[in-house]
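Novice: How does the following fold in three dimensions:
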Amino acid sequence: MLASLFRSTDLKTDLESGLQNPQRAPLFARFFRFDEHKTNLQTEVIAGVTTFVTMAYIIFVNPKILATTGMDANAVFVATCLALSPW
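Specialist: Residues are numbered from 1 along each chain as shown. Next comes the predicted model:
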């Protein structure tokens, strides 16, 4: 299944041809309905990496900032992780 996601050597051409013929679009483009959402794989990957880096930055910087106010840095670290978790 993973091989079918990346079978084309020219992904951009494959995605463009998939716009005219939806059955020809790569599996991940059909699954995530890129054309309906007016996006593409590059935009989504950049957005995901940006979000990950931002969250990682917040996890480590927030406790340092709040520790200067007298709060326990370890407790703030755990609270920040819990606040950023998706549950």
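Novice: for the chain, which spans come out with low pLDDT?
Specialist: Applying pLDDT under 70 to the chain flags residues 1-23.
Novice: measure the residue nearest the centre of the chain to F34 for me?
Specialist: What sits nearest the mean C-alpha location of the chain, by CA atoms, centre = their mean, is G48, with 2.0 Å. Counting by CB to CB, to the nearest Å, the separation of G48 from F34 is 14 Å. (Glycine included, C-beta is placed from N, CA and C.)
Novice: Next: L66.
Specialist: 40 Å.
Novice: And for T69?
Specialist: Remark: distance between T69 and F34 (CB to CB) = 45 Å.
Novice: just M71 next, same as before
Specialist: In this structure, M71 and F34 are 44 Å apart, going by CB to CB.
Novice: Have a look at those two and say which one is more surrounded.
Specialist: F34 (20 against 13; other CB atoms under 10 Å).
Novice: Give the closest residue to the more buried one in space, chain neighbours not counted.
Specialist: If the residues on either side of it in the chain are set aside, F34 comes closest to N40, at 5.7 Å by CB to CB, 6 or more residues apart in numbering.
Novice: I'd like to know how many residues surround the one you found.
Specialist: Here the number of neighbours of N40 (other CB under 10 Å) works out to 16.
Novice: Surely it touches R33?
Specialist: No: look at N40 against R33 with CB atoms under 8 Å: they stay out of range, at 11.7 Å.
Novice: Give me the distance from the longest helix seen in the chain to the chain's centre.
Specialist: Once the chain is assigned using DSSP state H, the helix that runs over the most residues is helix 41-67. When distances are taken as CA atoms, centre = their mean, to the nearest Å, helix 41-67 is centred 11 Å away from the chain's centroid.
Novice: packing partners for it?
Specialist: When contacts are defined as 3 or more CB pairs under 8 Å, 6 or more residues apart in numbering; DSSP states H and E, helix 41-67 sits against helix 73-84.
Novice: Can you flag the residue of the chain lying furthest from its geometric centre?
Specialist: Farthest-out residue of the chain from its mean C-alpha position, per CA atoms, centre = their mean: G70, at 34.5 Å.
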